[in-house]
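Chemist: here are the coordinates; sequence isn't available:
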């Protein structure tokens, strides 16, 4: 084996080693820059949680039962919104709740806006558990439809907890 062939064999190893060294130096510099920069990322934070956290007011099952006695469309009343699809709503919902399917909200929200803008409390629910439709609807009401943040609450336990506790259920459309 002559010197040219030997050099040709060492060339890929040398390039790989240089690329690895360059990558290591770039990583070290970027981590250092992130650490010293005032708006650097918190590398211990989970930026993609598997469960959406509720940044809105929370309503427990006991609170939902209490507030359901005061459901009303008048100014300052309490409005319950069911974020589930219409067929699920019609199969059973909290008495007096209005349907507002999160995935078809453009169909429901315009007609509800006068009530929602004047409500003292808007309590949004879906099935509960891992269902996040109520959180998505709450977010959209606040940021797309300018509903005051302080009037939006989420009943996290949802309709399944309501039904399991034996509370009254209304079927069909809201009367």
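Modeler: Arrived safely, thanks for sending. Note that this is a predicted model, so its numbers are computed, not measured.
Chemist: State the number of residues packed around residue 90.
Modeler: Neighbour count of residue 90, defined by other Cβ atoms under 10 Å: 16. All C-beta atoms are positioned from the backbone trio N, CA, C, and that covers glycine.
Chemist: now do the one 4 residues further on
Modeler: A total of 26 residues lie near residue 94 under the criterion other Cβ under 10 Å.
Chemist: cool, residue 118 as well?
Modeler: Neighbours of residue 118 using other Cβ under 10 Å come to 14.
Chemist: Which pLDDT value goes with the closest residue to residue 168 other than its chain neighbours?
Modeler: Excluding the flanking residues, the one nearest residue 168 by Cβ to Cβ, 6 or more residues apart in numbering is residue 95, at 5.4 Å. pLDDT, the model's per-residue confidence, is 94 for residue 95.
Chemist: Quick check: residue 136 touching residue 83?
Modeler: Yes. With contact defined as Cβ atoms under 8 Å, residue 136 reaches residue 83; the gap is 7.4 Å.
Chemist: ok, the two, which is more surrounded?
Modeler: Each of residue 136 and residue 83 has its neighbours counted (other Cβ under 10 Å); residue 83 has more, 30 against 17.
Chemist: Much appreciated, bye for now.
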